[in-house]
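have a look at this prediction, sequence included:
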Amino acid sequence: MMKVGILGATGAVGQKFIRLLQGHPWFEIEALGASERSAGKKYKDAANWIEDVVLPEHIKDTIVKNCEPGEFSNVDFVFSGLDSSVAGDIEKAFAEAGIPVISNAKNYRQDPTVPLLIPEINPDHTDLIKTQSFSKDGKGWIVTNPNCVAVPLSLALKPLFDSFGIEALILTTMQAVSGAGYPGVASLDILGNVVPFISGEEPKVGPETRKLLSTLNEDSLSLPDFDVQATATRVPSINGHMISATVKLENPPADLEELKKAYQNYRNPVAELGLPFSPKALYNLHDNEYYPQPRLHADWENGMQLHLGRLRKADVFDVSFVAMAHNTIRGAAGGAILNAELLTKKGYLK
């Protein structure tokens, strides 16, 4: 078993890491880190536990540490659920100290040497780790998982990109309130309402999606050139970010069946690796026009599946679809754990 630390352990993403790592066959929690106001306290006193399961007994009395490398000397690597306002310097310090960091923060996502990773899309991008220079011996490095919208969007686009090429896309997101963390959006703003803007969200979508779909050439990425117009909205669902997208393709399919076959025939490059968090079926193509729905489907396959519905030829551009995935699992902590599993199989973690 590898010993892991969690940075930002008292926050919403940190709590999700704690929940999801219970009983993991490869990883066990060794250390929890948070801000100075939480450090030195028992976890049960430092955190406002918001998960809908009981706080694990062995975590309750764990003493929270400062997020400093010296406090985490016994771990093999750390998961970071830190807020982006502090993540940059802290994650860099851990990597420089020779401690690998698998991050949920945005700070290093566009660094050309840092993999922005979804194992089912771009597992070869892990080779970028070899180009990093955080620590002289190469033991310390950073890998990031994408924004919680870029994850389902890129998963939905990958078979289309491979089969037909992409010229442009327009999308509107319907993002669950859990994506805002805790305490999140004020109840009077979101109950019975839709907020048509999420600060800082839209500019991430295009660059992250293009990086995820890029080609690794030796030690650098060749990014595809397509335009993305995104509108990010907050809706009163709890879990599950939904996307409505319309895509212009370079070589449109002849009919809807050819379009569906792009998904049905997509070869998941990590399907045979036995990764514990990998869904048995990556794509769930719903024929029912009323699906997918966050309340009904977000938790399927332990929250790691991509749900796709309303797949159809479009009147404007070429194809339209609705995609949905669990934002705090597939789009955050669960995705980071899957990244760690892939990095273990590839020998970067040991």
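Nice, I can see it.

now do the strands in the stretch 151-300 of the chain.
166-175, 215-217, 220-222, 227-234, 241-249, 283-285 (DSSP state E, counting those that start in this stretch).

what's the angle from the longest one to strand 241-249?
In this case it means strand 166-175. 170 degrees (axes from the mean of the first three to the mean of the last three CA atoms, to 10 degrees).

so for strand 166-175, mean pLDDT?
Computed over strand 166-175, the mean pLDDT rounds to 98.

list the helices and strands it packs on?
Under the contact criterion of 3 or more CB pairs under 8 Å, 6 or more residues apart in numbering; DSSP states H and E, strand 166-175 touches helix 150-164, strand 227-234, strand 241-249. All C-beta atoms are positioned from the backbone trio N, CA, C, and that covers glycine.

circling back to that earlier point, generate CSV for the strands of the stretch 151-300 of the chain, with distance to W141 and mean neighbour count as supplementary columns.
Below are the strands of the stretch 151-300 of the chain laid out as CSV (distance: least, CB to CB, whole Å; neighbours: other CB atoms under 10 Å):
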stretch, distance to W141, mean neighbour count
strand 166-175, 30, 20
strand 215-217, 16, 12
strand 220-222, 16, 14
strand 227-234, 28, 18
strand 241-249, 28, 22
strand 283-285, 30, 18
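
out of these, flag the one nearest K346.
strand 215-217 (13.6 Å; CB to CB).

I'd like to know which elements the closest one is packed against.
strand 220-222.

got a list of contacts for stretch 206-221?
109-110, 112, 116, 118, 121-122, 124-125, 127-128, 130-131, 146-147, 150, 153-154, 157-158, 161, 166, 222-228, 230 (CB atoms under 8 Å, 6 or more residues apart in numbering).

how far does it stretch from start to finish?
Using CA to CA, to the nearest Å, the end-to-end distance of stretch 206-221 comes to 16 Å.

list the contacts of the residue of the chain positioned farthest from its centre.
Most distant from the centre of the chain: A254, at 33.0 Å, with distances by CA atoms, centre = their mean. For A254, the contact set (CB under 8 Å, 6+ apart) is empty.

quick one, domains of this protein?
Following automatic domain parsing, the chain resolves into domains at 2-147+333-345, 150-326.

pick the most buried one from the ones you listed.
Ranked by mean neighbour count, those are led by domain 2-147+333-345 with a mean of 20 (mean count of other CB atoms under 10 Å).

let me see the mean pLDDT of that domain.
Mean predicted lDDT for domain 2-147+333-345 stands at 97.

check the separation of the first and last residues in that domain.
13 Å.

end-to-end on stretch 158-178?
26 Å.

change the start of the numbering to 5 and stick with it
Okay, using 5 as the starting number, the last item reads as stretch 162-182.

before we move on, the earlier item: output the strands of the stretch 155-304 of the chain as TSV; include the columns distance to V320.
Formatted as TSV, the strands of the stretch 155-304 of the chain follow (distance: least, CB to CB, whole Å):
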stretch	distance to V320
strand 170-179	8
strand 219-221	29
strand 224-226	29
strand 231-238	12
strand 245-253	6
strand 287-289	22
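
among these, which is nearest A190?
With CB to CB as the yardstick, what comes closest out of the strands of the stretch 155-304 of the chain is strand 231-238 (11.0 Å).

so what touches that closest one?
Contacts for strand 231-238 (CB under 8 Å, 6+ apart): 153, 171-179, 181, 183-184, 189, 194, 198-202, 205-206, 209-210, 213-214.

from V232, how far out is P207?
P207 sits 10 Å away from V232, taking CB to CB, to the nearest Å as the criterion.

now swap in P60 and tell me
Distance from P60 to V232, counting by CB to CB: 40 Å.

how about K48?
Counting by CB to CB, the gap from K48 to V232 is 43 Å.

go on, S39?
Taking CB to CB, one finds S39 at 35 Å from V232.

got it, and E261?
From E261 to V232 the distance is 27 Å (CB to CB).

name the nearest residue to P29, sequence neighbours excluded.
The spatial neighbour of P29 that comes closest, neighbours along the chain excluded (CB to CB, 6 or more residues apart in numbering), is P280 at 5.8 Å.

wait, that neighbour sits on E345?
Yes - using CB atoms under 8 Å, P280 makes contact with E345 at a distance of 6.2 Å.

list residues touching both of those two?
When contacts are counted by CB under 8 Å, 6+ apart, P280 and E345 have W30 as shared neighbours.

and W53, which of the three is it?
Following DSSP: H, G, I helix; E, B strand; the rest coil, W53 is assigned to coil.

over to Q19?
helix.

same deal with A344?
helix.

likewise for G9?
Quick answer, by three-state DSSP: G9 is strand.

distance check, it against E34.
6 Å.

now do the shared contacts for those two.
Common neighbours of G9 and E34 (CB under 8 Å, 6+ apart) are F76, V79.

check contacts around the residue nearest to P29.
H28, P29, W30, E345.

if we take those, which one ends up nearest to G92?
For these, with G92 as the reference and CB to CB as the criterion, the closest is E345, at 25.4 Å.

that older thread, so for T66, which of the strands of the stretch 155-304 of the chain sits nearest?
Closest to T66 of those, according to CB to CB: strand 245-253, at 30.9 Å.

run the chain-centre distance for the closest one.
18 Å (CA atoms, centre = their mean, to the nearest Å).

then stretch 169-187?
Taking mean C-alpha positions (CA atoms, centre = their mean), stretch 169-187 and its chain are 12 Å apart.
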